[in-house]
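Colleague: This is a predicted model, with the sequence first.
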4 protein chains.
Amino acid sequence: MRISDKHSKITQAAVKVFARKGFFNARISDIAKEAKVADGTIYLYFNNKYDILISLFEDEIGKIILQVKLLLEEESDPGKKLYIFALHHLKLLDKKKDLAEVLQMELRQSNKFMKEYRNTKFIEYIDIISAIIHQGQEENIFDPTVAPGIAKRAIFGALDEMSRLWVLDENPPYTIEETAQQLSNLFLKGLTL
Amino acid sequence: MRISDKHSKITQAAVKVFARKGFFNARISDIAKEAKVADGTIYLYFNNKYDILISLFEDEIGKIILQVKLLLEEESDPGKKLYIFALHHLKLLDKKKDLAEVLQMELRQSNKFMKEYRNTKFIEYIDIISAIIHQGQEENIFDPTVAPGIAKRAIFGALDEMSRLWVLDENPPYTIEETAQQLSNLFLKGLTL
Amino acid sequence: MRISDKHSKITQAAVKVFARKGFFNARISDIAKEAKVADGTIYLYFNNKYDILISLFEDEIGKIILQVKLLLEEESDPGKKLYIFALHHLKLLDKKKDLAEVLQMELRQSNKFMKEYRNTKFIEYIDIISAIIHQGQEENIFDPTVAPGIAKRAIFGALDEMSRLWVLDENPPYTIEETAQQLSNLFLKGLTL
Amino acid sequence: MRISDKHSKITQAAVKVFARKGFFNARISDIAKEAKVADGTIYLYFNNKYDILISLFEDEIGKIILQVKLLLEEESDPGKKLYIFALHHLKLLDKKKDLAEVLQMELRQSNKFMKEYRNTKFIEYIDIISAIIHQGQEENIFDPTVAPGIAKRAIFGALDEMSRLWVLDENPPYTIEETAQQLSNLFLKGLTL
DNA sequence: GATGAATGAGCTTTCATTCAT
DNA sequence: GATGAATGAAAGCTCATTCAT
């Protein structure tokens, strides 16, 4: 088994366990059992419990950023880019519910991660949105009086709050496509000159 | 001393301590010390540690709902209502940073509260937004194709994400009024026919 | 039960357990069981495991110093003082075998206690010897060329090594009085002009 | 590489590590790293952690015994022999501070070594002293009423306690020669008829 | 009602030892 | 023989909760 396999196995197990029980209620032995390794093995790959969460976060957000950026490269219209971003965000979190729950619930939860820990990956992710807005303003499509620093947070916040529907609800009242459509419409009209 | 005084003292202390340390890192003895009561006294007013958080949440959200509803009664225009809601939300959380942090960070964090615990107070709060949207649609001011169930979450999510700026950042790059203005503009244009 | 009772009960239990198993092999739960308290109770009286050992040491040596000084006050002849000191030292450690074992074995064992921890109580104890030697030199009874700083260590080391006989051996080949006599004779002749 | 090389490398490494951290705080991996072998390799040469310490002890004391006996053969006067023994003891431990620390601190520390483990090498070492005393008594130089079994322990204890000065103190207040001189004078006068 | 000393279950982390390669 | 990744038992310490006063 390759080294990276163990690391990855533990990460995947941690996602499941953190999603099920929450970071603080999750025991290392839960993760170990889920990953089918010994408790001690986890400490060969991670420094401590917090490190698992941060590491997991950076790895996964990193992958997501790569994916979205790749997708967006194929489109030039900022309005359509916004839709693609929204759709991709919702789809992804729907597909990886456990991961979604961990990212949403656990990561923002503690001073440990949002205050002391400078969350650069997260910033990189939402800066994709501000880049789109900026582009739209440069091309005279979007309203130049809109502050991209506010709009990016608004859009991410909206997506994030919506995605909770699929994470928490067994039978969400809206489809993902419908939601992505509605959200991008809403913001598009709001942004467009 | 009236019974409610002790209850309230403990709740206020819990807000401070949860904000400072997070729910899981907070100790009952921290709260007791902050409230200037004995550890055991807390258990005369609350069943357990989780109960403090839920109780705190319901009480505080209850007060906020009362306040906003009162404010909104004085205004009839749905567009202006949206601005008032946004401004009030941001102002409040800025004024009560500790409470803001607890509501944002701790409450959504655990399955314990968002899954098992049916969060009716929270639903009541964001339904204020959908009521405004509904009113605007009834009065043919807002686009009838917008789903209020989506828009309410989008608006709350945007506000929530924005408010993190004042909670976490020492020197936020925007003023509260500016932000409320930008957000309500954005959504207003998005919503308006 | 008075507070000091619990503290003392734990200290006494720790002496027994440390003597039986050694500091590192002793578990907190062993001490707790021996003291008939809960594990956690120990941490109401001591900061950590090391603290129990140091605290125990300072308390017990403190008591011993008081006792010996009291005894020595009644005697003026430095030669006889030396005998009294030796006899008392050996008797005491014979009577309190567990304590003797802990003081001998555990305390000198670790950098933690002899390097980082400035062992002032111990120094105070062996300085009783140098004071006697000094007195003898002042009174022209003892050889002035003898360095009290060396002799005090020699005498303490001799006593300490001897006392191991009663700590470790079931049937020591010498009696305490005989040993005290031999040792004080040996050193007296060595010291006397 | 000869087998004994690895064994010796590990022993030397263990001396360093035990001296630095103490037996219980030393990790097998520390010793392995210091010896530049793999952790598992240590178990090809030693049964377990305790075995390293005991083995180390027997080897090193064995060497010391050989050296002293050789030195003493060249001298016939028991008084001078005593001085030679003292000087050699102190010099050796000063030269091999790490070894000194391990012998002093770690070996006497635990029941594991002084009770269960019959320390024949150590006995052999201090019996060199009683042999000298015996010789002196046979030759009518030393006081026949002195019990060699007590005197040997007294002398060893004195040397041992003194040698702590060079192990623990950066700037010991006495030189080794001075100390050996003082000690052998003290005991010589004490022993001589 | 109020207290806070006492409890003891529970958890993270360490590390001697093993064994497949 | 040599390796070092993997193991899993073990233990120090914490802290929510209880209950005698």
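Modeller: Sure thing, it's come through. Numbering: from 1, shown residues only, chains lettered A, B, ... in the order given.
Colleague: Mind telling me which residue of chain A is nearest DNA strand F?
Modeller: Of all residues in chain A, A:Gly40 sits closest to DNA strand F, at 1.6 Å by C-beta to the nearest atom of the strand. C-beta coordinates here come from the backbone N, C-alpha and C atoms, glycine included.
Colleague: Restricting to C-alpha, output whatever helix or strand that residue lives in in CSV.
Modeller: Per DSSP states H and E, A:Gly40 falls inside helix A:39-45. C-alpha atoms of helix A:39-45 as CSV (Å, rounded to 0.1, in the frame of the first residue of the first chain):
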residue,chain,number,x,y,z
ASP,A,39,-5.2,4.5,16.7
GLY,A,40,-1.5,5.2,16.8
THR,A,41,-1.2,5.0,13.0
ILE,A,42,-3.1,8.2,12.7
TYR,A,43,-0.3,10.0,14.6
LEU,A,44,2.2,8.8,12.0
TYR,A,45,0.4,11.0,9.4
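Colleague: which residues are contacting it?
Modeller: If you take C-beta atoms under 8 Å, 6 or more residues apart in numbering or on different chains as the criterion, helix A:39-45 is touched by A:6-7, A:10, A:28-29, A:31-32, A:35, A:52.
Colleague: burial of the residue of chain A closest to DNA strand F, as a residue count?
Modeller: If you count neighbours by other C-beta atoms under 10 Å in any protein chain shown, A:Gly40 ends up with 9.
Colleague: Next: A:Asp127.
Modeller: 15.
Colleague: distance of it from A:Gly157?
Modeller: Distance, A:Asp127 to A:Gly157, using C-beta to C-beta, to the nearest Å: 15 Å.
Colleague: now swap in A:Tyr83 and tell me
Modeller: Counting by C-beta to C-beta, the gap from A:Tyr83 to A:Gly157 is 17 Å.
Colleague: neighbour-wise, which of the two wins?
Modeller: A:Gly157 (24 against 18).
Colleague: quick one: contacts of stretch A:71-84?
Modeller: A:85, A:88, A:128-129, A:132-133, A:135-136, A:139, A:141-142, A:155, A:180-181, A:184, A:187-188, A:191-192.
Colleague: The same query, at a cut-off of 7 Å, please.
Modeller: A:85, A:88, A:132, A:135-136, A:139, A:141-142, A:180, A:184, A:187-188 (C-beta atoms under 7 Å, 6 or more residues apart in numbering or on different chains).
Colleague: Just the terminal-to-terminal distance for it.
Modeller: 8 Å (C-alpha to C-alpha, to the nearest Å).
Colleague: What residues of that stretch count as buried?
Modeller: A:72, A:78-79, A:81-84 (16 or more other C-beta atoms under 10 Å in any protein chain shown).
Colleague: Would the one helix or strand A:Ser29 maps to count as contacting DNA strand F?
Modeller: A:Ser29 belongs to helix A:28-35 when elements are defined using DSSP H and E. No: on the criterion C-beta under 7 Å from any atom of the strand, helix A:28-35 is out of touch with DNA strand F, staying 7.7 Å away.
Colleague: Of all the residues in the helix of greatest length in chain A, which ones are buried?
Modeller: Taking DSSP state H as the criterion, chain A has its longest helix at helix A:49-73. Neighbour counts over helix A:49-73 (16+ other C-beta under 10 Å) mark A:49, A:52-57, A:60-61, A:64-65, A:68, A:72 as buried.
Colleague: per-domain residue ranges of chain A.
Modeller: A:1-46, A:50-191 (automatic domain parsing).
Colleague: how about those in JSON lines, adding mean pLDDT?
Modeller: Below are the domains of chain A laid out as JSON lines (pLDDT from 0 to 100):
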{"stretch": "domain A:1-46", "mean pLDDT": "90"}
{"stretch": "domain A:50-191", "mean pLDDT": "88"}
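Colleague: Dump those domains into TSV; add distance to D:Arg108 as well.
Modeller: Formatted as TSV, the domains of chain A follow (distance: least, C-beta to C-beta, whole Å):
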stretch	distance to D:Arg108
domain A:1-46	33
domain A:50-191	41
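Colleague: Of the buried residues of stretch A:71-84, just say which sits nearest to chain C.
Modeller: Proximity of the buried residues of stretch A:71-84 to chain C was ranked by C-beta to the nearest C-beta; the top entry is A:Leu72 with 54.9 Å.
Colleague: wait, isn't A:Asp94 in contact with A:Ile176?
Modeller: Yes: with contacts counted by C-beta atoms under 7 Å, A:Asp94 reaches A:Ile176, the gap being 5.8 Å.
Colleague: Between these two, which is the more surrounded one?
Modeller: A:Ile176 (20 against 16).
Colleague: What residues does that one make contact with?
Modeller: So A:Ile176 contacts A:90-91, A:94 (C-beta under 7 Å, 6+ apart).
Colleague: One more: A:Gly149?
Modeller: A:130, B:173.
Colleague: how much space between it and C:Asp98?
Modeller: 70 Å.
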